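Novice: pasting the sequence and the predicted model now:
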Amino acid sequence: MAAAHQGDTVKVNYTGRFSDGEVFDSSEGRDPLEFTLGAGQVIPGFEQAVEGMQVGDTRTVNIHATDAYGLRREELVLVVGRGQMPQNFDPEIGMRLQSQNPEGRPIFATITAIEETTLTLDANHPLAGRDLAFDIELVEIS
């Protein structure tokens, strides 16, 4: 049986958990996740865990934040004036906003605080700074 290696397109079933056991994502009830090893389509630690697996193999891996969504960066937490928002904008804690950086790439941020004249936006990935665990089953290599 062949093992998955760089350049292979693979399909996996997975369940992702935080260190306390809480499930944050799963392919259960959905099609398997399909990606190409080495293409940077999934977090580095997940990709490294799949490399070398054979169809039918299962494994559980613990992925440090640096090999997942990175460490939290405080410079990505911004306080902006409410006047910078569109008129009739009704902000809510947890609301996700999208903007663009100067190169035109999308930037996503979550509203984490609302004051009378300001909003606090966090542009860190929601899973930044979190160590993650995944149960992975390799179901196909192509």
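Specialist: Sure, I can see it. Only a predicted model underlies this, so the values are computations on that prediction, with no experimental measurement involved.
Novice: from Leu138, how far out is Asp67?
Specialist: Going from Asp67 to Leu138 by CB to CB, to the nearest Å gives 19 Å. Where you see a C-beta, it was placed from the backbone N, CA and C, and this is true even at glycine.
Novice: these two - which one has more neighbours?
Specialist: For Asp67 versus Leu138, the count of surrounding residues by other CB atoms under 10 Å is larger for Leu138: 23 against 18.
Novice: the closest residue to Glu28 other than its chain neighbours: how many residues sit nearby?
Specialist: Spatial nearest neighbour of Glu28, chain neighbours left out: Thr15 (6.7 Å); criterion: CB to CB, 6 or more residues apart in numbering. When neighbours are counted by other CB under 10 Å, Thr15 registers 16.
Novice: okay, and the beta partners of Thr15?
Specialist: Counting by DSSP bridges, Thr15 forms beta bridges with Ser26, Asp135.
Novice: next, the contact list for it, please.
Specialist: Val23, Asp25, Ser26, Ser27, Glu28, Phe134, Asp135 (CB atoms under 8 Å, 6 or more residues apart in numbering).
Novice: okay, now the last one: neighbour count?
Specialist: Read that as Asp135. When counting by other CB under 10 Å, one arrives at 15 neighbours for Asp135.
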